[in-house]
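Engineer: could you work out the structure for the sequence below:
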Amino acid sequence: MVIVMRTNTPMEEVNRLKERIEHENCSVSVAQGENYCILGIIGDTTGLDVSKIEANEYVKTIMKVQQPYKLANRMFHPDDTVVKIGENTIGGSKLAIIAGPCSVESEEQIITIARQIKESGAGFLRGGAFKPRTSPYSFQGLKLDGLELLKKAREATGLPVITEIMSADMIDKFIEEVDIIQVGARNMQNFELLKELGKTKKPILLKRGLSATIEELLMSAEYIMSEGNENIILCERGIRTFEHYTRNTLDLSAIPAIKRLSHLPVIVDPSHAAGIWWMVQPLAMAAVAVGADGLIIEVHNDPANAKCDGQQSILPEKFNALMKDLTKIAEMQKRVI
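Structural biologist: The predicted structure is shown next:
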């Protein structure tokens, strides 16, 4: 349920109504904008006397929320959410570009690539320290050593770092050493992990599962938000279909759909979507054109010898050319990189 208050309602009246509703064992989320004030009601609302709420002179209207996700719903939060990471942001008018190798391989490799992508205009560094792989015999990442190398790359360039978490027992370590915690597609519905991440205030990049619907993605975000963490960035990275030419099928329609349904920022991963390096550029440009808030792109200085996903990684010089193309597309969308 959503209660829309009249313009210029005194805050003490908002708080009075909030307390009254919370006495009925419901939780209330208050969204305050320049020209609006909305109370989002979560929980069993059967005990609420709606007629009495409607009789309040400061209540403009009451609406029922049909979707099962509440906190992630745009009805609860009409303005777009902008997630702050230090002096950087994801969401709003600035297009966020996250780039780097699929996996951290060595100190020289990660620092070299970090410097190259920063020079091209990227705002964040990605790199896998813990790698979930389909085969147990594939490279699993440098693990804790990889985290240390990411820290060194951050010190050398100033770029905030993002890397994937695999289990809840690593949360404290990630909070201390990582700027954005990534939840991979395979863990999108690891609800115990999501709930624990919800107890932190760390920005979370939540990737869409291989076969997940948009509603299921938003429900996963709801798990995190229900524990108090609203710093969530959604990521479309392709879904599994009958097509085998590409690694996955990039669902570009998900971007405008999610932005209509939810206030959370949404970025696109064209590298994992296609699995083919030469497709990254057109898919990245298309994603920006349909309204994505950012991109996460795999960049490697020696893709042929990469330990992980070299076939979908682009060279630094190709990334530099892509950034110039993206700048033009962003201008058409009245955005900046």
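Engineer: in what helix or strand does the residue positioned nearest the centre of the chain lie?
Structural biologist: For the chain, the residue sitting closest to the mean C-alpha position, by CA atoms, centre = their mean, is I233 at 1.6 Å. Assigned by DSSP states H and E, I233 falls within strand 232-236.
Engineer: and the following helix or strand past that strand, which residues are buried?
Structural biologist: Downstream of strand 232-236, the next assigned helix or strand under DSSP H and E is helix 254-261. Applying a neighbour-count criterion of 16 or more other CB atoms under 10 Å, one finds 254-255, 258-259, 261 buried in helix 254-261. Using the backbone N, CA and C atoms, a C-beta is placed for each residue, glycine as well.
Engineer: who does the helix or strand just after helix 254-261 touch, helix- and strand-wise?
Structural biologist: For helix 254-261, the following helix or strand on the C-terminal side (DSSP H and E) is strand 266-268. Contact analysis of strand 266-268 by 3 or more CB pairs under 8 Å, 6 or more residues apart in numbering; DSSP states H and E lists strand 232-236, helix 254-261, helix 280-289, strand 294-298 as its packing neighbours.
Engineer: so for the following helix or strand past strand 266-268, mean pLDDT?
Structural biologist: Heading C-terminal from strand 266-268, the first helix or strand you meet, by DSSP H and E, is helix 270-274. Averaging pLDDT along helix 270-274 gives 96.
Engineer: got a list of contacts for helix 270-274?
Structural biologist: 102, 185, 236-238, 246-250, 277, 279-280, 283-284, 287, 295-298, 309, 312-314 (CB atoms under 8 Å, 6 or more residues apart in numbering).
Engineer: may I have it as PDB, with CA atoms only?
Structural biologist: Below are the C-alpha coordinates for helix 270-274, written out as PDB (Å, rounded to 0.1, in the frame of the first residue of the first chain):
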ATOM      1  CA  PRO A 270      27.600  -6.800 -22.800                       C
ATOM      2  CA  SER A 271      30.700  -9.000 -22.400                       C
ATOM      3  CA  HIS A 272      29.000 -11.800 -20.600                       C
ATOM      4  CA  ALA A 273      25.800 -11.400 -22.600                       C
ATOM      5  CA  ALA A 274      27.500 -12.100 -26.000                       C
END
